[in-house]
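# build me a structure from this.
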Amino acid sequence: MQTDHRKPTIRTIADAEELHAQILEGAARTAAWLRSFDADPMTLLRKLRFETVGHDPLTGEPLNVVEQLNQTFTILVSIRAVEKLIELHPEAGGFRLALGIASGRDIESVKPNLVAAEVFSATRPNSNDKLRKDIARLVGDPARHRYVFFAAPACATGRQTQLENNASGVQVFAVEP
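This next block holds a predicted model:
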């Protein structure tokens, strides 16, 4: 795996596992801080929302916990998506990720225009119209294989054909983060 934290290339399941372990480290540090917190509930909520008591899941730098949560779960979905894509497309040469605030496709194959994917985590697959927007973003993408991967509570893992727009050609998968 390369050193650009926001745009890594994952070529193997071992690379994905390495990134996963890194994400868990930041989560563990934030969890330790939460366990040691001893003040009133509103002070806790204020610190979680507005202060940098959390950790950037990629760099370990201070970050507010709300943003850490958002980034952590999106990155975990990206990791699970890449694991599935390695299985589906071993000919891809690996996958480039755009994590956190990085721009571009969320996931693309190293082999040009073979695979493109978008990822998200939400309380429901249709929250904030995210699924529809991600499918629409991929409709015009030149990649031969296009996917949306998401994590949402109460959604069984695997392909979600009932959420796909058959005309789009974009496949939708739920993953466990």
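# what's the helix or strand for residue 149?
Here residue 149 sits within strand 145-151, counting by DSSP states H and E.
# run me through the strand neighbours of that strand, direction for each.
When pairing is defined by DSSP bridges, strand 145-151 lines up against strand 115-121 (parallel), strand 170-174 (parallel).
# which residues does that strand contact?
With Cβ atoms under 8 Å, 6 or more residues apart in numbering as the test, strand 145-151 has contacts from 73, 76-78, 80-81, 84-85, 88-89, 107, 114-122, 125, 130-131, 134-135, 138-139, 168-177. Where C-beta positions appear, they are placed from N, C-alpha and C, glycine not excepted.
# now list the buried members of those.
Buried members of the contacts of strand 145-151, scored by 16 or more other Cβ atoms under 10 Å, are 73, 76-78, 80-81, 84-85, 89, 107, 114-122, 125, 130-131, 134-135, 138, 170-175, 177.
# measure stretch 98-112 end to end?
Distance between the two ends of stretch 98-112: 16 Å, counting by Cα to Cα, to the nearest Å.
# let me fix that: stretch 28-47
With Cα to Cα as the measure, stretch 28-47 spans 17 Å from end to end.
# what's it in contact with?
53, 54, 55, 60, 65, 68.
# just flag the most distant two among those.
Pairwise distances across the contacts of stretch 28-47 (Cβ to Cβ) peak at 14.1 Å, for the pair 60 and 65.
# tell me which of these two has more neighbours.
Neighbour count, other Cβ atoms under 10 Å: between residue 60 and residue 65, residue 65 has more, with 22 against 13.
# for that one, what are its contacts?
Contact analysis of residue 65 by Cβ under 8 Å, 6+ apart lists 30, 47, 48, 49, 53, 54.
# give me the subset of these that lies in helices.
Of the contacts of residue 65, the ones assigned to helices by DSSP state H are 30, 47, 48, 49.
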